[in-house]
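Chemist: structure of the sequence below:
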Amino acid sequence: MNDLFYATLKLITGEEVLAEVMHCEENASRFLIMYNPIVMEETFDNEGGTFKVSQSARKWLQYATDDMLVLNFDKVLTMSEMDKYATEQYKKFVYIAKLKSPVKKEMKPMDHSGYLGSIESKRQQLEDLYNKSFDVPE
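Modeler: Residues are numbered from 1 along each chain as shown. I've put the predicted structure just below:
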């Protein structure tokens with residue numbers, strides 16, 4: 001049963017998580033692989049005598065850098081597949097949640113490119129090493 005589906009999960013912690021889910025079993029262990037898990041937050045506003053309720057989304061794990069998470073199945077109280085309308089809403093909310101996330105996936109080239117040296121200096125270093133070796137023919 002390795003099919004992806006959109007689901008809402010109620011966890012033993014009381015959280016309700018929305019995610020794209022795949023149920024897996026391996027070595028007699030059951031777990032869920034969740035893609036883009038989010039939680040919904042309701043906000044209430046009583047401004048100008050009009051009571052308003054709105055929803056916003058946030059990533060389930062705020063500082064996770066990966067969009068795929070694994071959850072042991074024994075942590076789930078119940079799970080239900082989303083209908084078409086809920087799935088479309090979920091896709092919109094995932095986009096919003098990623099924009100609001102404190103962890104951005106933007107990689108700056110100079111921060112993540114490793115050691116950058118000049119080719120000329122490396123070539124000279126290798127030539128010196130070769131010339132100093134004992135088995136170089138004269």
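
Chemist: for residue 21, pull up the helix or strand it's in.
Modeler: strand 16-26 (DSSP states H and E).

Chemist: I'd like the next helix or strand past whichever strand in the chain runs longest.
Modeler: If you go by DSSP state E, the chain has its longest strand at strand 29-47. As assigned by DSSP H and E, the chain's next helix or strand after strand 29-47 is strand 50-59.

Chemist: tell me the strands beside that following strand, with direction?
Modeler: strand 29-47 (antiparallel) (DSSP bridges).

Chemist: could you tell me how far the partner strand lies from the centre of the chain?
Modeler: For strand 29-47, the separation from the chain centroid amounts to 13 Å (computed by CA atoms, centre = their mean, to the nearest Å).

Chemist: can I get that strand in CSV? Just the C-alpha atoms.
Modeler: Output of strand 29-47 as CSV, limited to C-alpha atoms (Å, rounded to 0.1, in the frame of the first residue of the first chain):
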residue,chain,number,x,y,z
SER,A,29,7.2,-1.8,11.8
ARG,A,30,4.5,0.5,10.5
PHE,A,31,5.2,4.1,9.8
LEU,A,32,4.0,7.0,7.7
ILE,A,33,6.1,9.1,5.4
MET,A,34,4.6,12.6,5.4
TYR,A,35,5.3,15.2,2.7
ASN,A,36,4.8,18.9,3.6
PRO,A,37,3.0,18.4,6.9
ILE,A,38,1.2,21.6,8.1
VAL,A,39,-1.0,22.5,11.0
MET,A,40,-3.8,25.0,10.8
GLU,A,41,-4.3,27.9,13.2
GLU,A,42,-7.5,29.7,13.7
THR,A,43,-7.5,33.4,14.6
PHE,A,44,-10.4,35.3,16.1
ASP,A,45,-11.0,39.0,15.6
ASN,A,46,-13.7,41.2,17.1
GLU,A,47,-12.9,44.4,15.3
